[in-house]
Every structure is written in structure tokens, then in C-alpha cells.
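Asks: Compute the structure for the input listed below.
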Amino acid sequence: MSSQVFINLPVTNVEASMAIYKSMGFTNNPQFSDNSAKCMVWSESIFVMLMSTERFKTFATKPIADTKNGLAGLFALSVESVDKMNVVCESALKAGATEPSPMKDHGFMQQRNIEDFDGHTWEIFFMDLSKFPQQ
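Replies: Numbers count the residues shown, from 1 in each chain. Modelled structure (predicted):
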């Protein structure tokens with residue numbers, strides 16, 4: 001079995017949050033989902049567990065961060081093109097996400113930021129390494 005990444009996020013409304021993630025292109029794995037948690041799949045190796053705050057607390061060893069008012073982490077997802085980046089972000093915005101800053105163009109990489117209802121920040125980006133500055 002290859003290594004996998006599971007990102008566990010506390011959310012105030014599991015169903016509403018799932019709608020944003022579905023709009024971004026995640027799919028739901030019902031095998032690891034119930035009323036208090038949804039397993040959202042980005043790829044064969046990347047999963048996001050959306051957990052009700054109450055469920056998340058059963059795993060937490062510290063107080064839960066207030067991600068609406070402070071940053072607890074940045075989660076970055078690569079996509080295959082700028083067009084795909086824009087589709088993912090625009091779909092998330094239509095589902096209720098927010099975009100806290102304008103798109104950034106670093107020449108070799110274009111990036112947009114999306115926040116879900118609970119303030120979890122996702123960087124959706126396209127990177128073309130052929131345009132990376134040579135030293």
C-alpha cells in the first residue's frame with residue numbers, strides 16, 4: 001500500500017461543507033463517512049475528513065483553532081492547468097466559499113486561495129516547471 005495523506009478538519013456544518021468540497025472536484029467515500037464525518041477524496045492518495053466539531057474533539061489533544069479569525073494551516077492542491085484552477089475555484093465560490101485574495105502569478109506558478117465556511121484555506125495552483133527561473 002502506498003502512503004496516503006488524510007487531512008482532518010473540524011467543520012460546523014458537515015453537509016454544507018461537503019457541498020463546497022464536491023464543487024471543487026472532491027468525491028465522497030461513503031465507506032468512511034457517516035452523519036458526523038465525510039471522507040472527501042481528491043486523489044488516490046489525498047483525502048480530507050470533514051468532521052463535526054464534536055467528532056473532531058474526540059481526536060484533538062489541544063483546543064480547536066478559530067480558523068475564521070486566524071490561520072491554522074495552508075493546504076495546497078495542484079491541478080493540471082490554469083483553466084482547471086479557475087474551474088475549481090469558481091465552482092467553490094458558487095457553492096459558498098470565499099476568495100480572500102486575488103490570484104497570484106509567479107511566472108512559473110499561478111495560484112488562487114479559497115476558504116470554506118469554517119475558514120480553512122486551500123491554495124489551488126498550477127505550476128509549469130519549464131518556466132521556473134534557471135540559476
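
Asks: What is the neighbour count of Ser91?
Replies: 16 (other CB atoms under 10 Å). To be clear about C-beta, it is placed using only N, CA and C from the backbone, and glycine gets the same treatment.

Asks: is it true that it touches Tyr21?
Replies: No - assessed by CB atoms under 8 Å, Ser91 is found out of contact with Tyr21, at 10.4 Å.

Asks: taking the mean pLDDT, what do you get for the lengthiest helix in the chain?
Replies: Ranked by residue count under DSSP state H, the longest helix found in the chain is helix 82-94. Average pLDDT, helix 82-94: 97.

Asks: Give me the next element, helix or strand, following it.
Replies: On the C-terminal side of helix 82-94, the nearest following helix or strand under DSSP states H and E is strand 104-105.

Asks: Counting neighbours, which bits of the helix or strand just after that following strand end up buried?
Replies: Where DSSP H and E defines the elements, the next helix or strand beyond strand 104-105 is strand 109-115. Residues of strand 109-115 classed as buried by neighbour count (16 or more other CB atoms under 10 Å): 110-115.

Asks: got the contact list for strand 109-115?
Replies: Applying CB atoms under 8 Å, 6 or more residues apart in numbering, the contact partners of strand 109-115 are 24, 82, 85-86, 88-89, 92-93, 97-101, 103-104, 121-128.

Asks: Could I get the buried residues of strand 109-115 in CSV, plus columns for pLDDT?
Replies: Listed next are the buried residues of strand 109-115 as CSV, based on pLDDT from 0 to 100:
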residue, pLDDT
Gln110, 98
Gln111, 98
Arg112, 98
Asn113, 97
Ile114, 97
Glu115, 97
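
Asks: Good, wrapping up.
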